[in-house]
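Enquirer: This is a predicted model, with the sequence first.
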Amino acid sequence: MSSRSPPTQLAPEEFRGETLRRQGRWVVAFSADWCPFCRAFRELFDAAPADPGSSLAIADLTSEENPLWERFRIEVVPTLVVFREGRTVFRADGVRGEGLQASDLDRALRAARAGAEPPDRDGPS
């Protein structure tokens, strides 16, 4: 496994326009500092193996005023979303009281590599 840089921090305005499209595939963890499940998942996310075709990023939802809560219909953090050229191709919502598991991250990374078909409830591009 090759090493990589820490995940990029994405601000709400970077979800508009070309940020997610410009580099192709993104695996984004929507997370909040106050969430203990997010902190535990962040350790797994930060240690994810490098994939030359995908970028890992964190979208910080610590503020309840962050527009990404509504834009991506986030109800539970952490939530993982895989974008390919700005379109949602995979999503794993955290489970209340449990968060996300390593298997969720594995599925997201596989979806990023494979370019899975968009789900029915596609978030805005």
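Expert: Structure's in. What do you need? Numbering: from 1, shown residues only.
Enquirer: count of neighbours near D106?
Expert: Counted with other Cβ atoms under 10 Å, the neighbours of D106 add up to 12. Any C-beta I mention is one placed from the backbone N, CA and C, and that applies to glycine too.
Enquirer: do P67 as well
Expert: When counting by other Cβ under 10 Å, one arrives at 13 neighbours for P67.
Enquirer: So it sits against P12, correct?
Expert: Yes - using Cβ atoms under 8 Å, P67 is in contact with P12, at 5.3 Å.
Enquirer: the bottom helix or strand of this protein by mean pLDDT?
Expert: Ranked by mean pLDDT, DSSP states H and E, the helix or strand of the chain with the weakest confidence is helix 19-22, at a mean of 69.
Enquirer: Which is the succeeding secondary structure element to that helix?
Expert: Proceeding C-terminally, helix 19-22 gives way to strand 25-31 as the next helix or strand, assigned by DSSP states H and E.
Enquirer: which residues are in contact with that next one?
Expert: Outside of strand 25-31, the residues within contact range by Cβ atoms under 8 Å, 6 or more residues apart in numbering are 7, 10, 20, 38, 41-42, 45, 48, 53-61, 68, 72, 74, 77-85, 108-109, 112-113, 115.
Enquirer: partner residues bridging the spatially most central residue of the chain?
Expert: Taking Cα atoms, centre = their mean, the centroid of the chain lies closest to V28, which sits 1.9 Å from it. Using DSSP bridges, the bridge partners assigned to V28 are A57, V81.
Enquirer: returning to that earlier point: which of the contacts of strand 25-31 are buried? Put it as a PyMOL command.
Expert: Under the burial definition 16 or more other Cβ atoms under 10 Å, those of the contacts of strand 25-31 that qualify are selected in PyMOL by:
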select buried, resi 7+10+20+38+41+42+45+48+54+55+56+57+58+59+60+61+68+72+74+77+78+79+80+81+82+83+84+108+109+112+115
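Enquirer: Filter the contacts of strand 25-31 down to just the ones in helices.
Expert: Members of the contacts of strand 25-31 lying in helices (criterion: DSSP state H): L20, C38, F41, R42, F45, L68, A108, L109, A112, R113.
Enquirer: wait, which of those residues is closest to L100?
Expert: Comparing the ones in helices among the contacts of strand 25-31 against L100 with Cβ to Cβ places F41 closest, at 5.0 Å.
Enquirer: I am finished for the moment; much appreciated.
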